[in-house]
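Enquirer: No letters, just coordinates:
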């Protein structure tokens, strides 16, 4: 827990430094981010890097915590995160939760409609 | 003493104006005409083809690509789910995924554009007294309906791992910032990929255009339209002035 907290601090610092460096260079004026990113990308990275270290339950818990903080901060969940979490739910047999997340993704991001419908259909099939 | 001072001031001014100039100079030929015409709203980021020696390069790279592209204003499909879905459907590696027909990708994902990336160098090269972290890649954004190329980008990112970078002032500033945080050896390449992708996709000179979800999208499209109209008006004026 302590370790992941440090990791997040480091990520946040990296992000802030990136923005600062771009600002200093004069080409980019700082603008508020569209989304709150949390652990989404680092979670996927760690899952690929150490396949044994991640499982659908703990990954899902991490993303749930992320999304709760995002809504508490009044920010937006990035594109694709809900689909990723839905997939983790589906792997645990939580079909209802998976489908409700997919519906939300489609409502928030209509660009995802074709893929979301396809995933929902294949979840229906593999009962 | 004062002459020395003047020289420093002059140098600073030159550097400053060069920096400003880099932000405002318009290219003679606008490479973004087709990109603007076919403006994609969603981008399918495929796992990159790996020509580097690091077997983990594709996953290290692809997990730093979503943030800069989504923050630039595009819908980005979830990279790990796309990867898993493709594998489940008989496309086990990036080469196979890159060879998939566009109409099939369009049918399955409903994406407007596909991003193809090839990693040519990735990771640390150790020399006698130092090491260099390199992220070299070629990227192409392709319109899924027409198959036309909307944008091409090349990444030649080098971090000599002691605070200086060989990729310009911006690179060294960001690298210095990342180094100060104390990147661990194992994740240094991953951090470098994050910095490199930020530069590749979001730089204002030859990065991706702002996408429809970006707050600056409308302003960007209006500015381009006005510039095109002004150019047309100048051309029309020139052609009436010049005798046939």
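Expert: Noted; the coordinates are in hand. For clarity, every value in this text was computed on a predicted model and none was experimentally measured.

Enquirer: Leaving out the residues flanking it, which one is nearest to whatever residue of chain A ends up closest to chain B?
Expert: Here chain A gets closest to chain B at one residue, residue A:114, 2.5 Å apart by CB to the nearest CB. (Glycine included, C-beta is placed from N, CA and C.) Distances taken as CB to CB, 6 or more residues apart in numbering or on different chains place residue B:110 nearest to residue A:114, at 2.5 Å, with adjacent residues excluded.

Enquirer: count of neighbours near residue 50?
Expert: Going with chain A. A total of 9 residues lie near residue A:50 under the criterion other CB atoms under 10 Å in any protein chain shown.

Enquirer: The intended chain is chain B.
Expert: 21.

Enquirer: Next, give phi and psi for it.
Expert: For residue B:50, the backbone dihedrals (degrees, to the nearest 10) come out as phi -110, psi 110.

Enquirer: my guess is it contacts residue B:59, does it?
Expert: No. Judged on CB atoms under 8 Å, residue B:50 makes no contact with residue B:59 at a distance of 9.7 Å.

Enquirer: Sketch out the low-pLDDT regions of the chain for me.
Expert: Picked chain A for this. A:1-30, A:127 (pLDDT under 70).

Enquirer: that answer is for a different chain, and I need it for chain B
Expert: Ranges of chain B meeting pLDDT under 70: B:1-28, B:127-129, B:161-186, B:241-244.

Enquirer: from it, which residue is nearest to chain A?
Expert: residue B:110 (2.5 Å).

Enquirer: ok, the nearest residue to residue B:60 once chain neighbours are set aside - contacts?
Expert: Leaving aside its sequence neighbours, residue B:60 sits nearest to residue B:190 (CB to CB, 6+ apart; 4.9 Å). By CB atoms under 8 Å, 6 or more residues apart in numbering or on different chains, residue B:190 lies in contact with A:45, B:60, B:63-64.

Enquirer: and which of these is nearest residue B:238?
Expert: Taking CB to CB as the measure, residue B:238 lies nearest residue B:64 of the contacts of residue B:190, at 47.4 Å.

Enquirer: ranges for the strands of the chain?
Expert: Chain wasn't specified; assuming chain A. With strands called from DSSP state E, chain A shows none.

Enquirer: Sorry, I should have been clearer: chain B.
Expert: Under DSSP E, chain B gives strands at B:42-45, B:49-50, B:75-76, B:113-126, B:131-143, B:149-159.

Enquirer: Mind listing residues that contact the lengthiest helix in chain B?
Expert: The longest helix of chain B (DSSP state H) is helix B:217-241. With contact meaning CB under 8 Å, 6+ apart, helix B:217-241 is reached by B:26, B:30, B:32, B:36, B:39, B:73, B:209-211, B:214.
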